[in-house]
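K.L.:
Have a look at this prediction, sequence included:
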Amino acid sequence: MAELEHASDIESRRMELRGIVRLAGEVIAQYWPMRTFVHHNPLHGIEYLSFEEAVRRGKQFLSGNGYLPSHVYREFLRTGRIQPHHLDDALKSLAIDKRVLLDTHTVTHATVLRACLAEGLCSPVTEPLDNQLADPSRRLIDDLAARLKPVMVFPDLAEQIDSTVRRDEAALGRWLTLSHWCDDILGTQIVQQINDQLIKWCEAFLDEGHATWAMPEREKGLYAAWKAMASHEWSVCDIKDSRKKIQRLPDYPEDALLESLDAMGIPSELRQDYLSLQLTALPGWAGFIKWRGEERDYPWQQAYPAGLVKFLAIRQWYARELIQKACQEMLGIEGRFDAVADYMHSHVEEYYLRRQRVAGRLPALYAEEVDRLAHHRGTGWKAVLERYKMEVVPRQESATLRGTAKKLLSLVGFLNIEAALLNDCSSTDLKQLVDWMEAFPESEHGPVWLRALEASYQEHLLGELRARPYDPDRSATNRPYSQSVYCIDVRSEPFRRHLEPMGPHETYGFAGFFAAFIRYRAWGKEHDTEQFPVIMRAKNEVREIPRSYLDHKVLQHEARARWLHAGHTLLHDLKENVVTPYVMVESLGWFYGLPIFGKTLLPALYQRLTSWFRQLSAPSLPTTLTVDKLAPGDTAEMLNAEQQALVRKALQEQFGLRSSRITPALVDALRQRALALGEDSNSAILTEETTRAGLPPEKVNEFIEMLRRQYDLNARAISRHKERITRTGFTVEEQVLTVDTALRMMGLTKNFARLVLFCAHGSTSDNNPYESALDCGACGGNEGKPNARVLAMMANNQTVRERLKKTGIDIPTDTHFIAGQMNTTTDEVQLFDLEDVPPTHRADLARLQEDLKEASHLTSQERCRRFPEVQQTLPERTAHAHVRKRSVDWSQVRPEWGLSNNTSFVIGRRELTKGLDLSGRVFLHSYDYREDPSNRLLEVLLTAPQVVAQWINMEHYFSAVDNEVYGSGSKIYHNVVGRFGVMSGPWSDLRLGLARQTVMNGELPYHEPMRLLTIVEAPRKGIEKLIARHDVLQHYYHNEWVHLVVLDPHDGGWYRYQPNGEWICIAPQRIEPVK
Amino acid sequence: MVTMMEFFASSLLTAVPLLGALLSLVFWSDPKRVKTCSIASSILTFALILGMARLLPPPPTGLLSLYLLPLGAMTSVLSHPLHEEHRFSWMVTLVCLGFGIGTLTGPDLSGSFFLMMLLVTIIALLYRHHTALWPMSWWGVGLLIFGLVCLGISMLTVPPLSSIASLMICAVLLPLAPLHGGYLTTVTRLPGNLPSFVVLLLPIVGLHQLSTILSAIPEDVVSVVNVLALVGALYSAVKALAQSRVRLVLGYGCLSFFSIVWWFVTITGATTPRTALLVGAIGLATSGLLIAWQVIRTRYGDDVDPQAISGLAAAMPKYAVVLSLLGLASMGIPPFGVFAGFMGLVLTSPQASVFGLFLVLGAWLAASWYIMQLVQQLLFGASRPDLRYTDLLNPELISLLIVVLVLLALGLVPSTLFSPEQAVQPQTTVFLESLAWRN
């Protein structure tokens, strides 16, 4: 009974721990594999907090800045990106009604705050103890410092030490782990040591086929595999008896983690924060493990399970051992939470001096003395501190006074007041000015700057939108040449803008997966791609297959593809083998010079040549998609055919039988026996057929068992396979629903053109691990081509059209839907399934293609102006050639640069934005509120495409404000690891976010980081209901992650939604040109 | 016999900097004029040395040392910021320069007198600037006093005692473990710009003394010195690796290189212009690094902790370039003088033992570790947002550029330029011939 209770107690502790770890993991974002890069908010897990609070948490746990450095905002102010009156508006809530008189000049509190922002007066500056550089204002500074001296209050050193100890004690466990504490006080590098170990193990364990030699025993899971391998390591971080200690660890990671936490004495109320801090020490690897842990269907996770508990169990073991070692060796105390807290209180002098020493805040002689005392475990700490108090503290105070005097001089300089007037001002007034400045430290400037920047941009955008005449009841009358639907992506906006003036082309914006939630497998590929936003799930599968009239060419194509694949595999194996590279480098090494020179010197030509060769060796074949569901009979037939092919293959492999000797009867008999169908009636035929084929009778049963086990020819596998086949394609009802939803959401329900284009988007770039980041976010980081093709095929289906007619969407018989894809790196549009276009539409098609081409060139021309190395208007064809070259240039760090600078999301009719140059910064989703009286469609738009847009926006925001923490640093140092991510150099955390080159242009941000502005054309009442219904919308608008502005068609007014749930009518503004 | 002209030239060269020091007292109230006077005196001394080189008695290690001293004094003063507190160190720089030139050019007795004065000056300065937080400075002062006593003994006694005493002085000036404490203390504890000058001055004076007494040192003592040099080279390289303070890293680094010089001297039994080249280049490169460190101290305080400064490559690009070049020169990377001097000695020391050479190369390689570590620490890493960064001011830039260019010249100009009459030693000739291509 006691044992049972004990077991139950252990299990409940494990469950409790798993819960704590899950909560601790909220602060880190999931990390999707790079091949399906998903833009997301790195602080997505804490969106339930206000933006400012979440940014503070980001600082606490990740040490990431949530705002741009102040000098960048100041540059924005200087160049007009931020208008001065917006800065004043943003400061209003902070300013108090107080003033100081400087002779005839009145200096208000608001003026001082503004000076702090605009002049950087509150930047933290460490004033040197000796001021030796020549300074013409030195005398003035010294005089001011002397006047400030009586009124400035400096806390006593003992008080400072006391507050430091109290602050550090409070931070321990919440902001500071014991490992960090040791590093900060003892100068150890425990965090780095642990990180290095974890990077090593994670890199090896999580590898997805990149490594030549895979880590053994991975099938046991992360913790068990680590335990098995690390217990053989000769020396782990110099930990004594590490091998024995690792061997003795519990089998369950939960138990190991609990043991470590208990050993370090982490109080239970701090464990969640403590573990958050541990996870955020390596947010990349932890984020990827978090993602894997939640993706139970992910094949690599199924094969090699990993999870945050396992990760933390390993991490905490290293932490516990290294902390213990450091504390015992250097302080003679236990490496426990309580012992460390005791030490801080009982050895205040030593603690303070050590802390200052490691932080580099002690003068060199004192630093040496502290080192000596620490090395010899001396007892003279108090004497050194006394000397420090006598010698250094007064100098520090003088330096602080000088620094304050300099700030005052800068303040009057900014206000154009003569510096000499400061001498006439009383010391108390001077102190007042100083206090105002000190009460507004630079760490609090970020939110003010951000509000001012956003207001400047929003005023301009809203001004432009409002300058257009608004008529909600106007409807189109003439039939357009074409209608084309593009992804909501900001990169579609310039293209649409350039296409529309070419002729009566109507364009629409819609999430690039076109309402087709599909899992897709391209022809000749072995893996599926998930073609829908990552927050959704797929119900249907679609496969690409060659067109039926090409059956005779398929076999030939497959054979060539196999040869190419075999050649590629052989080359790879020769490169990776232990011995062969020695020979291969000599014999074939020179051959690699061709691609190197080709890609470097003539990238465009090289790309054309390789494409030609690829086409020559394995020409692509026209394909179609399995959009329709198979009938039950067809499914059975397909299954039978596949099973029979399997049996034939097995007979050839196991018995070496020639095809001529494998009769259909033999195959079917073996198949039926393996599946245990009609066993009795089948046995005689089987015996007869096997005898005829010359198979030994004693081997037949063995062979059948092999079919079941090795070739997966058994009832369970067949059932799985059948289930999968039935998921392939859509029923007619599903197709009708998909087309109906898509057309209604985009507001395209009448006045159909003869040609309607669903244009997805993808990209081409070379040597770019971030390639999928340029693809469609709504398609899970893949190209949207399959989705566009699926929707076009459905919409062309006559049965679907007939059913749609009943729902009120009457598509004319002469309307044909075609699918296309825009390459966002070259701006070219490729159309698909053109052989299905009726001959009657050839002229329409030719005209559309011509206009698409022209729009593509104009878009390239516009885009080229943004590239730092171009920055001018190139002729159309030159621009086109330039962007094509960029797309194949393997040294190009910015092959596209289109998605950066996104700021807003407009949900409304195209009439609102048509003809406006939105500079490729706005997501455009077509929506006609008149088609959606119940707000059902708007609900989807706000909770799905808006989420995608917000994730993209926030990914760019945080990558721009702190590229080292939330972004991935420079691309120059990136190395692909494990086929799922990148590291900086050979050894680092998995790099999150976007590369520096994506969001920065030199030292200034190319992407101006602002929170998303969503503009919706719909009645406010309906939106209020939607906000009340969805947590995600409340988080966005109430916590200020997204700004919401509504154009209410009822009164034509523009309203801003406030965090408190109220609406504010936006008064018309004059438009200020934004440089 | 000292000729009249030689005496006149020697006296004049010694007198100019000393008169400059006196003159600076006249301008004492104006720091700018004191500095200008110091620089002008150094330049004048350099010009006079150039002009009167033929009149001086030919020193055994060539004239390079004489050229380098006023250059070192000039760059050291020029780089120093204009501040009234620094007037004293500028004046003392001229005094030390005068005593140094007097030691190098003066006849036996007057040379010893000037050396004595130099040592007394340095000891007095160290005594004045002693701090209880640096107890090691007593040990250094003690060793300098020991050197002073040895100088007295060498003047009053006869060989071999006088030779041994002279050797001790040499080991104090051109540092050799275990008598290196005096040198380290001067590099770390002297005020103002003096360390960056004395780091060059003392070894040059030490080498000069050594060249005069080397032939009189007993073989057994030479063997002991040989072992001490090898051990010292390794010991000081390890010590340099373990230091966190810039001046100590540079001090121990210097000691390591000078120990290598000692080793070459003991195995060849002579000092040559190549030895002077190596000593001068090491001293000058270290002087340059000390000036570069002075630039940091000027901005962030005299007692700034080097570990608190990083990321200067982005914030102070001119400084970063010059510091990198000086780092390369100090490590002994071509085409700078340290490399040229080192290779010159390696190639002209055929009797060097392989074991010794191996240890010496180890110490040389270690320099690329600790000096690079120092340079990396300062230049790379994150820039601190709370520090004001001011790149090199013109005087600092000019001063450091002169050092870099001179180091470059020392690496490229043939060493015979500084000692045209110097005969190549017979064993060296044989060795060089053995390296020649045989047709």
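P.N.:
Here it is on my side, so go on.

K.L.:
Excluding sequence neighbours, find me the nearest residue to the residue of chain B found nearest chain A.
P.N.:
Nearest residue of chain B to chain A, counting by Cβ to the nearest Cβ: residue B:308, 2.8 Å away. All C-beta spots, glycine's among them, are computed from the backbone N, C-alpha and C. Distance criterion Cβ to Cβ, 6 or more residues apart in numbering or on different chains; nearest residue to residue B:308, sequence neighbours excluded, is residue A:360 at 2.8 Å.

K.L.:
Distance of that neighbour relative to residue A:483?
P.N.:
65 Å (Cβ to Cβ, to the nearest Å).

K.L.:
Please say which of the two ends up with more neighbours.
P.N.:
Neighbours were counted for residue A:360 and for residue A:483 using other Cβ atoms under 10 Å in any protein chain shown; residue A:483 has more, 23 against 17.

K.L.:
That one: what secondary structure?
P.N.:
Using DSSP: H, G, I helix; E, B strand; the rest coil, the structure places residue A:483 in strand.

K.L.:
what number of residues lie near residue A:57?
P.N.:
Other residues near residue A:57 number 20, with proximity taken as other Cβ under 10 Å.

K.L.:
Quick check: phi and psi on residue A:1055?
P.N.:
Residue A:1055 adopts backbone torsions of phi -130, psi 140, taken as degrees, to the nearest 10.

K.L.:
wait, doesn't it sit right on residue A:1062?
P.N.:
No - the pair residue A:1055 / residue A:1062 is not scored as a contact, 9.6 Å apart, by Cβ atoms under 8 Å.

K.L.:
What helix or strand is residue B:255 located in?
P.N.:
Per DSSP states H and E, residue B:255 falls inside helix B:246-268.

K.L.:
How far off centre is the next helix or strand after that helix?
P.N.:
Scanning forward in sequence from helix B:246-268 by DSSP H and E, the next helix or strand is helix B:273-300. What separates the centre of helix B:273-300 from the centre of its chain is 7 Å, taken as Cα atoms, centre = their mean, to the nearest Å.

K.L.:
For the residue of chain B closest to chain A, give me its contacts.
P.N.:
By Cβ atoms under 8 Å, 6 or more residues apart in numbering or on different chains, the contact set of residue B:308 is A:359-361, B:300, B:384.

K.L.:
top of those by neighbour count?
P.N.:
residue B:300 (24 neighbours).

K.L.:
Setting aside sequence neighbours, what's the nearest residue to it?
P.N.:
In space, residue B:300 is closest to residue A:128, 4.7 Å off (Cβ to Cβ, 6+ apart).

K.L.:
So which residues on chain B come close to chain A?
P.N.:
B:81-83, B:131-134, B:244-245, B:297-309, B:384-388, B:390, B:393 (Cβ under 8 Å from any Cβ of the partner chain).

K.L.:
7 Å - rerun?
P.N.:
Proximity of chain B to chain A, by Cβ under 7 Å from any Cβ of the partner chain, involves residues B:81-83, B:131, B:133-134, B:245, B:298-305, B:307-308, B:385-388, B:390.

K.L.:
which residues in the stretch 51-200 of chain B form helices?
P.N.:
Counting by DSSP state H, counting those that start in this stretch, one finds helices in the stretch 51-200 of chain B at the ranges B:64-79, B:87-105, B:108-128, B:136-156, B:161-173, B:181-189, B:194-213.
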